[in-house]
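Q: quick one, fold the following:
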Amino acid sequence: MQNQENLTIRFADPGDAEALLEIYRPYVEKTAVSFETAVPSVEEFRGRIRRILEHYPYLAAEKDGALLGYAYAGPFVGRAAYRWSAEVTIYLREDQKKKGIGRMLYARLEELLKARHITNLYACIGIPAEEEDEYLTRNSMEFHAHMGYRLAGKFYKCGYKFGRWYSMVWMEKILSSHKEHPEEGISCLF
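A: Numbering: from 1, shown residues only. This is a model prediction of the structure:
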């Protein structure tokens, strides 16, 4: 784990769109981690950040003025009965993996979501349909398992990218107990 001195976990801002998009770009262009096949424009990415920040946290890891990664939550499925659940996403700059930054981003994200009365977290993760290849490994699935997520479901060969089929899993983490009468989530903390 790298020295975390001077590392800040802060709320992302639409002004971070260009730098965050550069973190995301290699996942679209060189991997099947993202099932997107074209890199979004800066304007589209900025809009995504704005939409998330209306109701959910969008966090960035920054050190010495450089953005190293980001994580955010969003609605799970989008129906009212799911409002105590959220989908989470994380991306790290290619040279910043396995340094503890992902753990720090998710820890802060979970803290904020728990304060919002979110009980269930879900991560949608691409995995190789069969053998790992140069575009996709099981690293994300292993990271989420390490963070306390468990397998909730698998979709076989549902994504096609780079001339091959990939599968997808949903992983789940329960943040807090399921009350008979749950408190309403705070519509916007951020």
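Q: next, the contact list for Ala38, please.
A: Val28 (Cβ atoms under 8 Å, 6 or more residues apart in numbering). The C-beta positions use only the backbone N, C-alpha and C, and glycine is treated the same way.
Q: which SSE is it in?
A: In the assignment (DSSP states H and E), Ala38 maps to no helix and no strand.
Q: for the closest residue to Ala86 other than its chain neighbours, what are phi and psi?
A: Distance criterion Cβ to Cβ, 6 or more residues apart in numbering; nearest residue to Ala86, sequence neighbours excluded, is Ala73 at 4.2 Å. Dihedral angles of Ala73 (phi, psi; degrees, to the nearest 10) stand at phi -120, psi 160.
Q: what ranges of this protein fall below the confidence cut-off?
A: Applying pLDDT under 70 to the chain flags the ranges 1-4, 185-190.
Q: so Tyr135, which state does it fall into?
A: In three-state terms, and counting by DSSP: H, G, I helix; E, B strand; the rest coil, Tyr135 is coil.
Q: related to what we said a few turns ago, and for the residue nearest to Ala86, the neighbour number?
A: 24 (other Cβ atoms under 10 Å).
Q: what pairs with it across the strands?
A: Val88 (DSSP bridges).
Q: go on, Glu62?
A: Residues in beta-bridge contact with Glu62 (DSSP bridges): Thr8, Leu67.
Q: pull the contacting residues for it.
A: Counting by Cβ under 8 Å, 6+ apart, Glu62 touches Leu7, Thr8, Ile9, Arg10, Leu68.
Q: most neighbours, which of those?
A: That'd be Leu68 among the contacts of Glu62, by other Cβ under 10 Å, with 22 neighbours.
Q: does that one touch Ile101 like I think?
A: Yes - in this structure, Leu68 is within contact of Ile101 by Cβ atoms under 8 Å, at 5.6 Å.
Q: common neighbours of those two, please.
A: Taking Cβ under 8 Å, 6+ apart as the criterion, Leu68 and Ile101 both touch Leu7, Ala61, Leu92.
Q: can you put the residues you listed in TSV and add distance to Val77?
A: Below are the shared contacts of Leu68 and Ile101 laid out as TSV (distance: Cβ to Cβ, whole Å):
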residue	distance to Val77
Leu7	33
Ala61	28
Leu92	26
